[in-house]
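>>> what follows is a predicted protein model with its sequence.
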Amino acid sequence: MGFNFGEPIRLVSLLIVPVLVYFYIRYRREKRRAILKFSSVGIIKTANKRKLHIRENLPFILLLISIILIILGLSDPRIPLKTVKEGVNVVLVIDDSGSMAATDYKPSRLEAAKKSAEILIRSLKPKDNVGIVIFESGATTVSYLTPFKERAIEKLRAIQQREGKTAIGDGLSLAIDMATSIPNKKKVVILLSDGVNNAGVVTPEEAIEFARLNNIQVFTVGMGSERPVILGYDIFGNPQYAELDEELLRRIAEETGGKYYKSVNENTLDEIYRNIGENIKRELEDTSIKDWFFASALFVLLVNIYVIYGRYRIII
């Protein structure tokens, strides 16, 4: 796309230009009639010569140019020089179910997830917004979208271990709802889980469709280990192992345009969150040059003031 305007409807204001020209011509004619009525023949000849001189009309011409520049500036002119659109809404969704108490990640899975999430938050741009959601048997908001990263980190650090099941659909749907709460920004959700969806009201499939309808990119992180992790024992003494539904997490990412990452320890988890923060694709937009027009309008107005009141001023 070539040169364009972000607010083209404002160009209608340019219709004021021919109106101003019309009234200026009328004003000049009335002034000439006054000269003819009250002046001598010699003065009339002088007035006619001055009338033809561009200097006499220069103040009006400069004023007209400045008005046109201001209207063009208000219409937000843009050139096809792509720049990054300001700000991204990033929502972190963290599994807080009972399995996150496992100690294969030091000091625990939940604490390792919080530490890695902090790395990502600190990597975000100043105009990005970040929010935090946790889920177990249901989903809860920890921090609403905010550009204040330190405030979000404080709330992240305060997350406590819970004992519920794993409601991935509820966590993802709440995160999507939060991501859309501030419009006109790219929206990204980063979901971390170490389990299988076995609770909640919203199914993962419904959450995926919700994300697609709102054009939200979802990155998923599967938290597991290289060896089976025992979470406890049932009443019969049989070991209960941590399970990771990689197929579901991979499908969530693929169907929303994101990417799935597999973590096996705290070091790989840190690296994953660093990569996600660096690889968030930011939307591009044409560069606005409205400030150029406003600056030009100001310059023309200053020239006009000098023309009227300066050393070689023109009497109008």
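Arrived safely, thanks for sending.

>>> helices of the stretch 1-150 of the chain, residue ranges please.
Applying DSSP state H, counting those that start in this stretch to the stretch 1-150 of the chain gives helices spanning 16-38, 41-52, 54-74, 109-123, 149-157.

>>> deepest-packed of the ones you listed, please.
helix 109-123 (a mean of 21; mean count of other CB atoms under 10 Å). C-beta here means a position set from N, CA and C on the backbone, and glycine is covered the same way.

>>> just the mean pLDDT for that helix, thanks.
In this model, helix 109-123 has a mean pLDDT of 93.

>>> and that helix with helix 149-157, angle?
170 degrees (axes from the mean of the first three to the mean of the last three CA atoms, to 10 degrees).

>>> can you tell me what sits against helix 109-123?
Residues outside helix 109-123 that contact it (CB atoms under 8 Å, 6 or more residues apart in numbering): 90, 92, 94-96, 99-103, 105-106, 130, 132, 149, 152-153, 156-157, 159, 161, 190, 192, 194, 223, 266, 269-270, 272-274, 276-278.

>>> may I ask which helix or strand encompasses Tyr261?
Using DSSP states H and E, Tyr261 sits in strand 260-263.

>>> any idea which element Leu248 lies in?
Using DSSP H and E, Leu248 sits within helix 246-255.

>>> now that helix - C-alpha only, PDB.
This file holds the C-alpha atoms of helix 246-255, laid out as PDB (Å, rounded to 0.1, in the frame of the first residue of the first chain):
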ATOM      1  CA  GLU A 246       1.200 -33.100  24.900                       C
ATOM      2  CA  GLU A 247      -1.300 -33.800  22.200                       C
ATOM      3  CA  LEU A 248      -3.800 -31.300  23.500                       C
ATOM      4  CA  LEU A 249      -1.200 -28.600  24.100                       C
ATOM      5  CA  ARG A 250       0.200 -29.100  20.700                       C
ATOM      6  CA  ARG A 251      -3.300 -28.900  19.100                       C
ATOM      7  CA  ILE A 252      -4.100 -25.700  21.000                       C
ATOM      8  CA  ALA A 253      -0.900 -24.000  19.700                       C
ATOM      9  CA  GLU A 254      -1.300 -25.300  16.100                       C
ATOM     10  CA  GLU A 255      -5.000 -24.200  15.800                       C
END
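
>>> for that helix, what is the average pLDDT?
95.

>>> re earlier: show me which of the contacts of helix 109-123 are buried.
90, 92, 94-96, 99-102, 105, 130, 132, 149, 152-153, 156, 159, 190, 192, 194, 223, 266, 269-270, 272-273, 276-277 (16 or more other CB atoms under 10 Å).

>>> among the residues you listed, which ones are in strands?
90, 92, 94-95, 130, 132, 190, 192, 223 (DSSP state E).

>>> Leu244: neighbouring residues, count only.
19 (other CB atoms under 10 Å).

>>> helix, strand or coil: sort out it for me.
coil (DSSP: H, G, I helix; E, B strand; the rest coil).
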